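Peer 1: fold the stuff below for me.
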Amino acid sequence: VLAISTFYLQNQAMVAYRELVTRLARLNAYLQENITGMEVVQLFSREERNLRDFDREHLPYRHAEEREIFYYAIFFPFTELVGTLGMAAVIWFGSSAVLSEQVAFGVLVAFLQYIRRFFRPIMDISDRYAVLQSAMASSERIFELLETPTENEGGARRDGTHHQRGGTIEFKNVYFKYDEDAEDWILKDVSFSIGASQSLALVGATGSGKTTIVNLLCGFYPIQSGEIFVDGVEIKKWNVDQLRERISIVQQDVFLFSGSVRDNVRLGDESINQARIEEAARFVNADRFIKKLPNGYEQVVAEGGSTLSSGQRQLLSFARALAFNPEILILDEATSSIDTETEQLIQDAIAKLMHDRTSIVIAHRLSTIRSADQILVLHHGEVRERGKHEDLIQQGGIYARLHQLNYGGTTAQQ
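Peer 2: Residues are numbered from 1 along each chain as shown. Below is the predicted model:
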């Protein structure tokens, strides 16, 4: 009876614990999101609405907790009840046997002690059953994450003897969409090539596919059709860890980790020493504000870099990219968060960074891409125009209109 009931209650309790852990994760995610975004919540006076939303997340968690407590409240008393019934049965049948002199009184006393010793560990287990079930449900989620296949499965690590090391990139008839079931393609028949140490600029309206090209180059998503080559090797055959070691990205939204300025530049790579960090910072003019910090390179940066301005975070990302000495440099709207004065300081640094490196520049400010070896104009995921700055101006197409809007002044307004 105890075994059957334990098996049944265990299954029911495990279902309740799985739901409890899932609900708790959702509740914690909601709390973290709203605490991190508290400034926005207060600016838009969303306190009451967010509190109602919190109830929608909290109440299912509370109900799951009640279900878990319900099964625990049944299992522990039921185990004790079975033990008590066992003792009652021994006393009932044992006393009859003693009275009829079939067994000695000492045997009855011994059996009562055996019953207690038999059920004591079971009672201890049932008392800790809630902790055990909770740990099992949580460990399922942990091991599910740990057992997720790594990205670089099937990709072989390569050395410099098997292919040219220079940062050549080639897209051949690439089609891509994030949602396999979606009808519209994000990229449609995109083809281009970049030679080693050459620069490519991507221009186009928001949503035209510029950042998507970068994501595909870094191996973040598989393409549905076409081919992508890096140094003559198809990207599917690369080990993604080794591929990304060759690429540094300066993103529009820079993320900084909790730690010192030095740690955020080298990101745990012990081969990057202090001298190299300082050299990279001087190269991109980041040392100007770092020296003004109370502790310099040891200054602790808050999570997300909230204690630094957007321009300072951007400069640190430039220093980080340079410190890793990549073969391929990607600038994704790298100057969008920098004021005019700071932008002038880093224009020279950008030119130095791009020297002797294959570079891809995504920018709305056309001043940063005038000297690019090749400019691609994307529109709705397609390459509409390509060429150098002067050639595209003379064509009078999309790029020429963008240039006029940037520098045309009164003409652009008309």
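Peer 1: can we go C-alpha only for contacts and neighbour counts from here?
Peer 2: Noted.
Peer 1: this protein: strands as residue ranges?
Peer 2: 169-176, 187-194, 199-204, 225-230, 233-234, 247-250, 259-260, 300-301, 328-332, 358-362, 374-379, 382-387 (DSSP state E).
Peer 1: give me the number of residues near the residue nearest to Leu353 when sequence neighbours are not counted?
Peer 2: Closest residue to Leu353 apart from its sequence neighbours, by Cα to Cα, 6 or more residues apart in numbering: Leu322 at 6.9 Å. Using other Cα atoms under 10 Å, Leu322 is surrounded by 26 other residues.
Peer 1: ok, which stretches of the stretch 151-300 of the chain are helices?
Peer 2: Remark: helices assigned in the stretch 151-300 of the chain by DSSP state H, counting those that start in this stretch are 210-217, 240-245, 261-266, 274-283, 287-290.
Peer 1: columns distance to Phe176, mean pLDDT and mean neighbour count on top of those helices, output as a markdown table?
Peer 2: As requested, the helices of the stretch 151-300 of the chain are arranged in a markdown table below (distance: least, Cα to Cα, whole Å; pLDDT from 0 to 100; neighbours: other Cα atoms under 10 Å):
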| stretch | distance to Phe176 | mean pLDDT | mean neighbour count |
| --- | --- | --- | --- |
| helix 210-217 | 9 | 90 | 18 |
| helix 240-245 | 19 | 84 | 16 |
| helix 261-266 | 33 | 89 | 22 |
| helix 274-283 | 36 | 88 | 18 |
| helix 287-290 | 41 | 87 | 17 |
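Peer 1: closest to Ile91 out of the ones you listed?
Peer 2: Closest to Ile91 of those is helix 240-245 (Cα to Cα; 70.7 Å).
Peer 1: pull the CA atoms of the closest one into PDB?
Peer 2: The C-alpha coordinates for helix 240-245 follow below in PDB (Å, rounded to 0.1, in the frame of the first residue of the first chain):
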ATOM      1  CA  VAL A 240      32.200  28.900 -34.800                       C
ATOM      2  CA  ASP A 241      34.400  29.500 -31.800                       C
ATOM      3  CA  GLN A 242      37.500  29.800 -34.100                       C
ATOM      4  CA  LEU A 243      35.500  31.800 -36.600                       C
ATOM      5  CA  ARG A 244      34.400  34.400 -34.100                       C
ATOM      6  CA  GLU A 245      37.900  34.700 -32.700                       C
END
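Peer 1: isn't Ile369 up against Ala363?
Peer 2: Yes - between Ile369 and Ala363 a contact is recorded at 7.4 Å, counting by Cα atoms under 8 Å.
Peer 1: check contacts around Ser258.
Peer 2: Residues in contact with Ser258, defined by Cα atoms under 8 Å, 6 or more residues apart in numbering, are 300-305.
Peer 1: of the residues you listed, closest to Ile142?
Peer 2: For the contacts of Ser258, the minimum distance to Ile142 (Cα to Cα) is 24.4 Å, reached by Glu303.
Peer 1: separation between the spatially closest residue to that closest one that is not a sequence neighbour and Ala302?
Peer 2: Leaving aside its chain neighbours, Glu303 sits nearest to Ser258 (4.6 Å; criterion: Cα to Cα, 6+ apart). Separation of Ser258 from Ala302 (Cα to Cα, to the nearest Å): 5 Å.
Peer 1: got any residues that touch both of those two?
Peer 2: With Cα under 8 Å, 6+ apart, Ser258 and Ala302 have no common neighbours.
Peer 1: who touches both of Ile369 and Ala363?
Peer 2: Common neighbours of Ile369 and Ala363 (Cα under 8 Å, 6+ apart) are Ala201.
Peer 1: and for Ile272, the neighbour number?
Peer 2: Neighbour count for Ile272, taken as other Cα under 10 Å: 15.
Peer 1: start the count at 32 instead of 1 going forward.
Peer 2: Understood, numbering begins at 32; the last thing we discussed is Ile303.
Peer 1: excluding its backbone neighbours, what's nearest it?
Peer 2: Among residues not flanking Ile303 along the chain, Arg297 sits closest, at 6.1 Å (Cα to Cα, 6+ apart).
Peer 1: which ones are touching that neighbour?
Peer 2: Taking Cα under 8 Å, 6+ apart, we find Arg297 in contact with 303, 308, 351, 354-355.
Peer 1: cool, and Phe142?
Peer 2: In this structure, Phe142 makes contact with Val121, judged by Cα under 8 Å, 6+ apart.
Peer 1: so how far is Phe149 from it?
Peer 2: On the measure of Cα to Cα, Phe142 and Phe149 end up 10 Å apart.
Peer 1: same thing with Phe251?
Peer 2: 58 Å.
Peer 1: likewise for Thr37?
Peer 2: 16 Å.
Peer 1: those two: who's more crowded?
Peer 2: Per other Cα under 10 Å, whichever of Thr37 and Phe149 has more neighbours is Thr37, with 15 against 12.
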